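A.B. asks: Pasting a predicted model and its sequence here:
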Amino acid sequence: MSVENAPVVDVDEAAIPVEKKMYYRFESNDKKEFRVSELAIQQSETLNRLVEAMGYTSEDVENKPAIAIENIDGKTLKLVFQWCEHHKGEAIPVDDGSVPKIVEIPEFDAKLMDIDNGLLFKLIWAADYLNIVQLLNVSCKKVANMAQGKTPAQLRRVYLLPSDEEDEAAKRAAQEAQDPRAREVEEEFEERKRQGGNSFF
Amino acid sequence: MRGLLDMPIDIIEKILKKLEHGERATFRNVSKACRQTFDSINYTFETVEFSGYRNNVWLIIENCLVEYQRRNILRQKDKSIIKKWTVNVKLDEDPWSKALEEFTRIFGNPKHLIQELHFNYKGQLSFITGSLKSLGHQLNVNSFELSRDFDGRYNARGEVQTQTMEILPFLKAGVLEDLSFECLPDLTDHPKMFFKKVIKTDQWKQAKRLYTNFCITNMKLSDLMHFRRLDVDYDSIKTKDAMYIRDNCKNLPGFEKYSFRSNVDSEKILEKFGSEAIVLDDNSIQDGFLLISVTPGLITFEKMNQ
């Protein structure tokens, strides 16, 4: 899809005509464009620093290309910006390295995170990458809550954790990918075995 | 599709630290990779408790209980416990060594921190030193409590010291701030216990708070004066002892409160201090920032603003 034809998603449509605010344009790695209010951007330390450094005027944000966010797809970025718009203006918790065990998940956040586990993990990645402290807090808590009362087998499914056997198979595959000759040697050996021999010599 | 273990380690840490210990233990058992990840993260455990006697031992980590039993004995139901496992121990095995085996597995990471470590037991503890030695490092513990139920027969005055010395040297001096030693049932006649070896350890010398409900034989007051908070039984406090303690309280950085349950020469002490300090009532005086209360069975020193 070309950039010109990319859909523009207004995350906070209702707020636009009421007052004149600066709306920045961002683009996901699958070329989806989003318009996000200045106040909402403040929830993300990474984006806030970026737009401050760019020093765009309101004309610039319309005329210059949308700011590309390379590592995040449109589906995830939409959730991120919906969260930021809903929580704009709220105090940002100080990240002092401590991990609060008790975190309340507000109703809006709970609905927003009512998604499949793969997308939820992507949302956590994005919150970490964009340094959105409170979103990271609630999304980690949501993932932690998923472990309640689970057996190891259930945890494996919920958290998409490979078993020891799958880990070993993946490791072997990675080794072979690094050294194709090893695979050839192994195939040759198997072939010789099939032909009746059990040695190279 | 990316799973939990593909996340950056600081995110995995954030998630695991929001789990209760029971869920963390289950996560640790999923696979080798999960175990390695779990063991690479430094946790703070609020409470770890060993309790029991010869046939049954309970290891309680936060709100999870592992019961090592030779006989099926019901433990009183504890509402704070949300997860429980039972391990049957054969007659020729020792439930304490089984519990300690699990303990050393969990605390193999030298960076884990235990805020409160409790040992509550009847009878003898055994195999502790060997298990703790096998860790190869000292444990980070803020508060250590040893509680020995003598069932009313105080016939071994060195036993609390022996058990303490099996554990105390394996706790990191400096990190360990609070010490608590208790003989049960609580008796009012100040039972006397040997503690000479304990007093010589760095763990004792660097701790900040002490509780005992027994007298320590042949201990000098100077062995206690580095503590910021004391709540102890003591043989007897004479006027010169009280003056020595008062001077220490005034000069000790971070002083909190001293309570000595003791035979106190209350009249003489009040008379002596009364000439130098402000008398507040029949048994308390204000001496600088100190509030000193004296009765025949108890003398306390605390800050006025507390």
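C.D. replies: Nice, I can see it. Numbers count the residues shown, from 1 in each chain, chains lettered A, B, ... in the order given.

A.B. asks: Can you report how many residues neighbour residue 147?
C.D. replies: Reading this off chain A. Using other CB atoms under 10 Å in any protein chain shown, A:Ala147 has 22 other residues around it. Heads up, the C-betas are built off the backbone N, CA and C, glycines and all.

A.B. asks: um, chain B though
C.D. replies: Neighbours of B:Ser147 (other CB under 10 Å): 18.

A.B. asks: Report the separation between it and B:Leu117.
C.D. replies: Noted for B:Ser147: a distance of 12 Å to B:Leu117, by CB to CB, to the nearest Å.

A.B. asks: And for B:Val232?
C.D. replies: As judged by CB to CB, B:Val232 and B:Leu117 stand 20 Å apart.

A.B. asks: Then B:Gln203?
C.D. replies: As for B:Gln203, its distance to B:Leu117 is 12 Å (criterion: CB to CB).

A.B. asks: what residues do these two have in common as contacts?
C.D. replies: Common neighbours of B:Gln203 and B:Leu117 (criterion: CB atoms under 8 Å, 6 or more residues apart in numbering or on different chains): B:Leu171.

A.B. asks: Tell me the residues on chain B that lie near chain A, please.
C.D. replies: B:1-8, B:10-11, B:13-19, B:23, B:26-27, B:29-34 (CB under 8 Å from any CB of the partner chain).

A.B. asks: at 7 Å what do you get?
C.D. replies: For chain B, the residues in contact with chain A (CB under 7 Å from any CB of the partner chain) are B:1-5, B:7-8, B:11, B:14-15, B:17-19, B:23, B:26-27, B:29-34.

A.B. asks: Show me how to select, in ChimeraX, the buried members of the residues you listed.
C.D. replies: The buried residues among those can be selected in ChimeraX (16 or more other CB atoms under 10 Å in any protein chain shown) with this line:
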select /B:4,5,7,11,14,15,17,18,19,23,26,27,30,31,34
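
A.B. asks: Buried by neighbour count: which residues of the least confident helix or strand in chain B by mean pLDDT qualify?
C.D. replies: When the helices and strands of chain B are scored by mean pLDDT, DSSP states H and E, strand B:83-88 comes last with a mean of 75. By neighbour count on 16+ other CB under 10 Å, the buried set for strand B:83-88 is B:Lys83.

A.B. asks: repeat for stretch A:71-83
C.D. replies: Buried residues in stretch A:71-83 (16+ other CB under 10 Å): A:Ile72, A:Asp73, A:Gly74, A:Thr76, A:Leu77, A:Lys78, A:Leu79, A:Val80, A:Phe81, A:Gln82, A:Trp83.

A.B. asks: correct me, but the third one touches A:Lys32?
C.D. replies: Right, the one you point to is A:Gly74. Yes. Counting by CB atoms under 7 Å, A:Gly74 does reach A:Lys32; the two are 3.1 Å apart.

A.B. asks: in what helix or strand does the most centrally placed residue in chain A lie?
C.D. replies: Nearest to the mean C-alpha position of chain A, by CA atoms, centre = their mean, lies A:Lys122 at 3.1 Å. Assessed by DSSP states H and E, A:Lys122 sits inside helix A:117-129.

A.B. asks: Could you confirm whether that helix reaches chain B?
C.D. replies: Yes. Helix A:117-129 reaches chain B (CB under 7 Å from any CB) through A:Gly118, A:Phe121, A:Ile124, A:Trp125, A:Asp128.

A.B. asks: I'd like those written out as a markdown table, with pLDDT and distance to B:Asp39 added.
C.D. replies: Compiled in a markdown table, these are given as follows (pLDDT from 0 to 100; distance: CB to CB, whole Å):
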| residue | pLDDT | distance to B:Asp39 |
| --- | --- | --- |
| A:Gly118 | 87 | 27 |
| A:Phe121 | 91 | 22 |
| A:Ile124 | 94 | 22 |
| A:Trp125 | 92 | 24 |
| A:Asp128 | 93 | 22 |
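
A.B. asks: out of those, which is most surrounded?
C.D. replies: Counting neighbours by other CB under 10 Å, the top entry in the residues of helix A:117-129 next to chain B is A:Ile124, with 24 neighbours.

A.B. asks: Three-state assignment for the residue of chain A found nearest chain B, please.
C.D. replies: Among the residues of chain A, A:Leu160 lies closest to chain B, at 3.0 Å counting by CB to the nearest CB. Secondary structure, DSSP: H, G, I helix; E, B strand; the rest coil: A:Leu160 is coil.

A.B. asks: Over to A:Glu52?
C.D. replies: Per three-state DSSP, the secondary structure class of A:Glu52 is helix.

A.B. asks: Give the burial count for A:Arg49, as a bare number.
C.D. replies: A:Arg49: 12 surrounding residues under other CB under 10 Å.

A.B. asks: same question, B:Leu221
C.D. replies: B:Leu221: 14 surrounding residues under other CB under 10 Å.

A.B. asks: Surely it is in contact with B:Met243?
C.D. replies: No. Using CB under 7 Å, B:Leu221 makes no contact with B:Met243, being 10.9 Å away.

A.B. asks: what touches both of these two?
C.D. replies: With CB atoms under 7 Å, 6 or more residues apart in numbering or on different chains applied, the contact sets of B:Leu221 and B:Met243 do not overlap.

A.B. asks: how far does the helix holding A:Lys122 sit from the chain's center?
C.D. replies: 4 Å (CA atoms, centre = their mean, to the nearest Å).

A.B. asks: Which secondary structure elements does the helix or strand following it sit against?
C.D. replies: Tracing the chain C-terminally past helix A:117-129 and defining elements by DSSP H and E, one meets helix A:133-145 next. With contacts defined as 3 or more CB pairs under 7 Å, 6 or more residues apart in numbering or on different chains; DSSP states H and E, the packing partners of helix A:133-145 are helix A:117-129, helix B:9-16.

A.B. asks: Can you name the residues in contact with helix A:133-145?
C.D. replies: For helix A:133-145, contacts defined as CB under 7 Å, 6+ apart pick out A:83, A:87, A:92-93, A:95, A:100, A:103, A:105, A:109, A:113, A:120, A:123-124, A:127-128, B:11, B:14-15, B:18-19.

A.B. asks: what about dumping the CA coordinates of it to PDB?
C.D. replies: Listed next in PDB are the C-alpha coordinates belonging to helix A:133-145 (Å, rounded to 0.1, in the frame of the first residue of the first chain):
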ATOM      1  CA  VAL A 133       5.300   3.800  32.300                       C
ATOM      2  CA  GLN A 134       1.600   3.400  33.400                       C
ATOM      3  CA  LEU A 135       0.600   1.400  30.300                       C
ATOM      4  CA  LEU A 136       3.600  -0.900  30.900                       C
ATOM      5  CA  ASN A 137       2.500  -1.300  34.500                       C
ATOM      6  CA  VAL A 138      -1.100  -2.200  33.800                       C
ATOM      7  CA  SER A 139      -0.300  -4.500  30.800                       C
ATOM      8  CA  CYS A 140       2.400  -6.400  32.900                       C
ATOM      9  CA  LYS A 141      -0.200  -6.800  35.700                       C
ATOM     10  CA  LYS A 142      -2.700  -8.100  33.200                       C
ATOM     11  CA  VAL A 143      -0.200 -10.700  31.900                       C
ATOM     12  CA  ALA A 144       0.700 -11.600  35.500                       C
ATOM     13  CA  ASN A 145      -3.000 -12.100  36.400                       C
END
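
A.B. asks: Just the buried positions in that helix, please.
C.D. replies: Residues of helix A:133-145 classed as buried: A:Gln134, A:Leu135, A:Leu136, A:Asn137, A:Val138, A:Ser139, A:Cys140, A:Lys141, A:Lys142, A:Val143, A:Ala144 (neighbour count, 16+ other CB under 10 Å).
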